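Visitor: just coords:
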């Protein structure tokens, strides 16, 4: 099931052998199985320019929701805590059905053209982000051409402090941009395979809005709400900064495609995404995302300073980022 070297490496990262889950034991029709099969298929494609080898996908139990991208002893790992999949699945099946009831237009279209229920489809779109984000980290390691062990862990519960790490911030944003780009093209490819009568720009914008809102839901779920805004703090960027980059990237990639008489609108899709996210993320203790967006808008100059004065310069000094190593046409 596991090579001894893999067990030793994982033990170095704090994973004892009794925490490792045999992937063959996962029920065939579960959310977890679908997630695993997609990753294994994608990363083994011989024409995948972002593939890494030797690669291991590791699923672990009885630990808080998290994900890690590891390079050690010449081997690449994506480690997924099973609780992350369970938590995400639970929220998708709780939050989406009230907004997209059975028999609704989008719900019916997905079920007709994918032979899967709507929530299962949404879960897969969100899991595309999780996987591609971690895959980007593995490519960052590969591009460094080093034998040094490397680890990028997804920190969620951040506490204010002075531990700003500009390289880590740049790596996270780079991984988010990669993931957002891959998601946008995946959604576009799905849309292009639909019957021609269904290939409307409105539907393409709706699919991106659902995906973007789902990513907002994922991060709110992981954090248990929205933490206080920060810019030059912590090892990782604030989630609202990351969500802003993700949404901007997905909509920019697709801007202008679709029906030539009514092309995909970056601005309109962003508005639709935020409106849907606001409905998904209503919180008992207050307006949640809406109040946070207001706070973010009041700090737009600080965000632009963070991006232009800090992230752009440091990113240009990191040749191993995926954005500088993306093959033409990808």
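Guide: Okay, I see it. Note that the structure is predicted; figures quoted are calculated from it, not measured.

Visitor: At which residues are the strands of the stretch 51-200 of the chain located?
Guide: With DSSP state E, counting those that start in this stretch as the criterion, the stretch 51-200 of the chain has strands at 55-60, 67-72, 75-81, 150-153.

Visitor: would you turn the ones you listed into a markdown table with distance to residue 245 and mean neighbour count?
Guide: For the C-beta atoms, the positions are set from N, CA and C on the backbone; glycine is no exception. Shown next, in a markdown table, are those (distance: least, Cβ to Cβ, whole Å; neighbours: other Cβ atoms under 10 Å):
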| stretch | distance to residue 245 | mean neighbour count |
| --- | --- | --- |
| strand 55-60 | 26 | 19 |
| strand 67-72 | 18 | 22 |
| strand 75-81 | 21 | 22 |
| strand 150-153 | 17 | 18 |
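
Visitor: Is it possible to get CSV of these that adds distance to residue 94 and mean pLDDT?
Guide: Converted to CSV, the strands of the stretch 51-200 of the chain look like this (distance: least, Cβ to Cβ, whole Å; pLDDT from 0 to 100):
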stretch, distance to residue 94, mean pLDDT
strand 55-60, 23, 96
strand 67-72, 21, 93
strand 75-81, 20, 95
strand 150-153, 27, 70
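
Visitor: Columns distance to residue 189 on top of those strands, output as JSON lines?
Guide: Formatted as JSON lines, the strands of the stretch 51-200 of the chain follow (distance: least, Cβ to Cβ, whole Å):
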{"stretch": "strand 55-60", "distance to residue 189": "23"}
{"stretch": "strand 67-72", "distance to residue 189": "24"}
{"stretch": "strand 75-81", "distance to residue 189": "23"}
{"stretch": "strand 150-153", "distance to residue 189": "28"}
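
Visitor: burial count for the closest residue to residue 185 other than its chain neighbours?
Guide: Closest residue in space to residue 185, ignoring its immediate chain neighbours: residue 253 at 6.9 Å, by Cβ to Cβ, 6 or more residues apart in numbering. As a burial measure, residue 253 scores 20 neighbours (other Cβ atoms under 10 Å).

Visitor: sorry, back to before: what about the strands of the stretch 51-200 of the chain, which gets the closest to residue 121?
Guide: Residue 121 lies closest to strand 75-81 among the strands of the stretch 51-200 of the chain, at 19.8 Å (Cβ to Cβ).

Visitor: Partner strands of that closest one, with direction?
Guide: Counting by DSSP bridges, the strands paired with strand 75-81 are strand 55-60 (parallel), strand 67-72 (antiparallel).

Visitor: Output those as a markdown table; include the columns distance to residue 170.
Guide: Shown next, in a markdown table, are the strands paired with strand 75-81 (distance: least, Cβ to Cβ, whole Å):
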| stretch | distance to residue 170 |
| --- | --- |
| strand 55-60 | 24 |
| strand 67-72 | 15 |
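
Visitor: between those, which one is nearest to residue 129?
Guide: Closest approach to residue 129 among the strands paired with strand 75-81 (Cβ to Cβ): strand 67-72, 10.8 Å.

Visitor: how about low-confidence regions in this protein?
Guide: Counting by pLDDT under 70, the ranges of the chain that qualify are 1, 152-162, 225-226, 283-292, 295, 329-330.

Visitor: And the residue nearest the centre of it?
Guide: For the chain, residue 129 is the residue whose C-alpha lies nearest the centre (Cα atoms, centre = their mean; 2.4 Å).

Visitor: Enumerate every residue touching that one.
Guide: 179-180, 183, 211, 215, 218, 246 (Cβ atoms under 8 Å, 6 or more residues apart in numbering).
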